[in-house]
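> no sequence for this one, just the structure:
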(Lines give C-alpha, C1' and ligand atoms only; values in the text may rest on other atoms or scores of the structure.)
Protein backbone atom coordinates (compact mmCIF):
# COMPACT_ATOMS: atom_id res chain seq x y z
CA UNK A 1 0.00 0.00 0.00
CA UNK A 2 1.42 3.38 -0.93
CA UNK A 3 2.04 5.93 1.78
CA UNK A 4 -0.34 8.88 2.15
CA UNK A 5 0.45 12.27 0.65
CA UNK A 6 1.24 15.05 3.09
CA UNK A 7 -1.62 17.47 3.66
CA UNK A 8 -0.53 21.12 3.59
CA UNK A 9 -2.75 23.99 4.67
CA UNK A 10 -2.44 27.39 3.03
CA UNK A 11 -2.41 30.50 5.24
CA UNK A 12 -6.14 31.10 4.76
CA UNK A 13 -6.96 27.50 5.71
CA UNK A 14 -4.87 27.82 8.88
CA UNK A 15 -6.69 31.06 9.71
CA UNK A 16 -10.04 29.30 9.12
CA UNK A 17 -9.08 26.53 11.55
CA UNK A 18 -7.86 29.04 14.15
CA UNK A 19 -11.14 30.96 13.84
CA UNK A 20 -13.23 27.79 14.27
CA UNK A 21 -11.20 26.72 17.30
CA UNK A 22 -11.54 30.17 18.91
CA UNK A 23 -15.30 30.11 18.30
CA UNK A 24 -15.78 26.62 19.75
CA UNK A 25 -13.54 27.43 22.72
CA UNK A 26 -15.54 30.56 23.53
CA UNK A 27 -19.01 29.15 22.86
CA UNK A 28 -18.75 25.48 23.79
CA UNK A 29 -15.52 24.66 25.60
CA UNK A 30 -12.49 22.44 25.28
CA UNK A 31 -14.36 19.18 24.63
CA UNK A 32 -15.89 20.50 21.40
CA UNK A 33 -12.55 21.98 20.32
CA UNK A 34 -10.86 18.62 20.78
CA UNK A 35 -13.65 16.92 18.82
CA UNK A 36 -13.29 19.45 15.99
CA UNK A 37 -9.52 18.98 15.83
CA UNK A 38 -9.97 15.20 15.86
CA UNK A 39 -12.47 15.35 12.97
CA UNK A 40 -10.12 17.63 11.02
CA UNK A 41 -7.23 15.20 11.57
CA UNK A 42 -9.42 12.30 10.38
CA UNK A 43 -10.30 14.28 7.24
CA UNK A 44 -6.64 15.07 6.55
CA UNK A 45 -5.67 11.42 7.03
CA UNK A 46 -8.43 10.31 4.67
CA UNK A 47 -7.56 12.92 2.02
CA UNK A 48 -3.87 12.03 2.19
CA UNK A 49 -4.78 8.43 1.37
CA UNK A 50 -7.68 9.03 -1.03
CA UNK A 51 -7.48 12.58 -2.40
CA UNK A 52 -9.80 11.82 -5.32
CA UNK A 53 -12.68 10.97 -2.97
CA UNK A 54 -13.78 14.58 -2.40
CA UNK A 55 -16.60 16.13 -4.38
CA UNK A 56 -15.70 18.18 -7.49
CA UNK A 57 -18.99 20.13 -7.22
CA UNK A 58 -17.41 23.50 -6.39
CA UNK A 59 -14.76 23.11 -9.11
CA UNK A 60 -17.56 23.41 -11.64
CA UNK A 61 -19.55 26.07 -9.77
CA UNK A 62 -16.50 28.30 -9.13
CA UNK A 63 -14.55 27.48 -12.30
CA UNK A 64 -11.57 26.28 -10.24
CA UNK A 65 -10.33 23.12 -12.01
CA UNK A 66 -9.18 20.42 -9.63
CA UNK A 67 -10.89 21.87 -6.56
CA UNK A 68 -12.51 19.25 -4.35
CA UNK A 69 -14.39 19.42 -1.07
CA UNK A 70 -14.72 17.06 1.87
CA UNK A 71 -17.23 17.69 4.71
CA UNK A 72 -16.31 16.97 8.31
CA UNK A 73 -18.49 14.27 9.81
CA UNK A 74 -19.72 15.81 13.06
CA UNK A 75 -19.08 19.51 12.45
CA UNK A 76 -20.55 21.90 9.87
CA UNK A 77 -17.21 22.54 8.13
CA UNK A 78 -15.97 21.68 4.67
CA UNK A 79 -12.33 21.19 3.64
CA UNK A 80 -11.54 22.63 0.20
CA UNK A 81 -8.43 21.29 -1.48
CA UNK A 82 -6.59 20.50 -4.69
CA UNK A 83 -4.78 17.19 -5.16
CA UNK A 84 -1.22 17.96 -6.24
CA UNK A 85 1.37 15.45 -7.48
CA UNK A 86 3.24 15.36 -4.16
CA UNK A 87 0.74 16.68 -1.57
CA UNK A 88 -2.85 17.66 -0.83
CA UNK A 89 -3.12 21.46 -0.99
CA UNK A 90 -5.84 22.65 1.44
CA UNK A 91 -7.15 26.04 0.38
CA UNK A 92 -9.86 26.68 2.97
CA UNK A 93 -11.75 25.06 5.88
CA UNK A 94 -15.12 26.84 5.80
CA UNK A 95 -18.34 26.66 7.76
CA UNK A 96 -20.97 25.18 5.47
CA UNK A 97 -23.31 28.16 6.04
CA UNK A 98 -20.78 30.64 4.62
CA UNK A 99 -20.89 32.19 1.16
CA UNK A 100 -18.55 29.60 -0.33
CA UNK A 101 -18.04 31.41 -3.64
CA UNK A 102 -16.94 34.66 -1.95
CA UNK A 103 -14.62 32.90 0.47
CA UNK A 104 -13.07 30.70 -2.22
CA UNK A 105 -12.26 33.70 -4.41
CA UNK A 106 -10.01 34.85 -1.54
CA UNK A 107 -8.35 31.42 -1.50
CA UNK A 108 -7.72 31.59 -5.24
CA UNK A 109 -5.82 34.84 -4.65
CA UNK A 110 -3.84 33.24 -1.78
CA UNK A 111 -2.18 30.81 -4.26
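Right, received. Where do you want to start? Every value quoted in this text rests on a predicted model; they were computed, and no experiment measured them.
> gap between stretch 25-35 and the chain center?
Relative to its chain's centre, stretch 25-35 lies at 19 Å (CA atoms, centre = their mean, to the nearest Å).
> What are the buried residues along stretch 7-16?
7, 9, 10, 12, 13, 16 (16 or more other CB atoms under 10 Å). All C-beta spots, glycine's among them, are computed from the backbone N, C-alpha and C.
> List the contacts of the biggest helix by length in the chain.
Longest helix of the chain, by residue count under DSSP state H: helix 30-49. Outside of helix 30-49, the residues within contact range by CB atoms under 8 Å, 6 or more residues apart in numbering are 4-7, 17, 20-21, 24-25, 53-54, 70, 72-75, 77, 79, 81, 88, 90, 93.
> what about the helices in this structure?
Going by DSSP H, the chain shows helices at 11-27, 30-49, 57-62, 100-110.
> for the third one, packing partners?
I take that to be helix 57-62. strand 67-71, helix 100-110 (3 or more CB pairs under 8 Å, 6 or more residues apart in numbering; DSSP states H and E).
> Show me the contact partners of it.
64, 65, 66, 67, 68, 69, 80, 100, 101, 104, 105.
> Please check those residues and keep the buried ones.
The neighbour-count test (16+ other CB under 10 Å) marks 64, 67, 68, 69, 80, 100, 104 as buried among these.
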